[in-house]
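Novice: Curious how this folds, go ahead:
(one chain, ligands or ions: 1)
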Amino acid sequence: MTLLQEKWRAYRTPGYYTKYDYAWRLVVDLDSCTGCGACVVACQAENNLPIVGERAFQEKRDMKWLRIERYWEGEYPDIKMRFLPMMCQHCDQAPCETVCPVAATYHNQDGLNVQVYNRCVGTRSCAAYCPYEVRYFNWFSASWEAPLEQQLNPEVSIREKGVMEKCTFCVQRIRQAKDEAKDEGRRVQEDDFTTACAQSCPSKALHFGDANDPQSAVSQLAKNPRAYHVLSELNTEPSVTYLARGKAMESAS
Ligand code: SF4
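Specialist: Numbering: from 1, shown residues only. As a prediction, this is how the structure comes out:
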């Protein structure tokens with residue numbers, strides 16, 4: 001095996017990075033989430049997600065990088081509706097990365113599961129391997145009728161037909177914050193930026209930050225006894241931590 005092949009194989013192995021420059025993490029407090037959907041709308045506006053139309057929606061080809069899952073607890077008439085925001089978990093051991101034949105999805109030095117649009121050939125294998133079902137395929141090229149095209153975010157590229165996409169943890173905001181911090185000769189601080197979903201959440205259920213900073217909110221919240229990972233038994237090591245609903249909230253609702 002050549003050195004190039006060896007490096008390529010190691011690079012494709014989950015857990016290749018033993019230490020990240022930054023370790024971006026999202027914490028979702030399910031006690032605070034009211035299922036309002038503000039985060040879904042903010043994500044759509046920030047990341048230029050297309051409105052696919054009624055027919056595509058009926059064919060389950062809608063495009064959402066972040067969805068609010070609803071489920072019921074209890075038996076009628078004593079039932080309660082619960083909400084769980086679900087987005088790409090940016091798994092440190094991501095099954096989607098190992099299956100892509102062209103390495104269009106891989107881990108970067110910040111622990112992000114990134115997607116290279118112009119390398120993707122649309123096999124959709126990554127979507128089949130993702131246990132969280134958070135990858136979306138562009139069945140058509142999107143278009144925005146005037147004047148809607150004026151709301152597009154110039155920092156985010158428009159994806160074309162045949163390309164897979166998903167939550168990026170607002171990588172454009174991360175990029176900008178890192179560039180500005182580098183110009184000033186410092187590391188990115190907690191208050192420099194946040195993701196669109198966390199920024200828009202009216203009940204502050206979403207917290208985003210760097211887990212390499214032990215004082216950051218995400219580092220502190222990760223120690224909360226309510227903290228858990230969805231499908232943790234799969235050992236995907238997600239970067240999204242959920243805080244389960246507490247007993248106090250159970251009795252109040
Ligand atoms: S949640 Fe799915 S798409 Fe995101 S990194 Fe994990 S396996 Fe990949």
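
Novice: All the helices of the stretch 51-200 of the chain, residue numbers only.
Specialist: Taking DSSP state H, counting those that start in this stretch, the helices of the stretch 51-200 of the chain run over residues 54-58, 95-99, 125-129, 171-183, 196-200.

Novice: Please identify the most buried of these.
Specialist: helix 196-200 (a mean of 21; mean count of other C-beta atoms under 10 Å). Where you see a C-beta, it was placed from the backbone N, CA and C, and this is true even at glycine.

Novice: which residues are contacting that one?
Specialist: For helix 196-200, the surrounding residues in contact (C-beta atoms under 8 Å, 6 or more residues apart in numbering) are 26, 38-43, 45-47, 66, 85, 87, 170, 173, 206-208.

Novice: Among those, which ones are in strands?
Specialist: Under the assignment DSSP state E, the contacts of helix 196-200 contribute Leu26, Leu66, Pro85, Met87, Leu206, His207, Phe208 to strands.

Novice: List just the nearest of the residues you listed to Cys96.
Specialist: Using C-beta to C-beta, Met87 comes nearest to Cys96 of the ones in strands among the contacts of helix 196-200, at 13.6 Å.

Novice: Double-check that closest one against Leu66; I have them as touching.
Specialist: Yes: with contact defined as C-beta atoms under 8 Å, Met87 reaches Leu66; the gap is 4.3 Å.

Novice: Between these two, which contacts overlap?
Specialist: Shared contacts of Met87 and Leu66 (C-beta under 8 Å, 6+ apart): Cys43, Cys167, Cys197.

Novice: List the residues that contact the closest residue to Phe140 other than its chain neighbours.
Specialist: Excluding the flanking residues, the one nearest Phe140 by C-beta to C-beta, 6 or more residues apart in numbering is Lys161, at 5.5 Å. Counting by C-beta under 8 Å, 6+ apart, Lys161 touches Asn138, Trp139, Phe140, Ser141.

Novice: Likewise for Thr168?
Specialist: Neighbours of Thr168 in contact, by C-beta under 8 Å, 6+ apart: Asn47, Trp65, Cys88, Leu112, Val114, Gln115.

Novice: so the second one touches Arg135, yeah?
Specialist: No: contact criterion C-beta under 8 Å: Trp65 and Arg135 do not qualify, at 9.4 Å.

Novice: and for the two, which residues touch both?
Specialist: The overlap between the contact sets of Trp65 and Arg135 (C-beta under 8 Å, 6+ apart) consists of Cys88, Glu165, Lys166.

Novice: on that earlier part again, ok, which of the contacts of Lys161 also contact the ligand?
Specialist: Applying C-beta under 6 Å from any ligand atom, the subset of the contacts of Lys161 adjacent to the ligand is empty.
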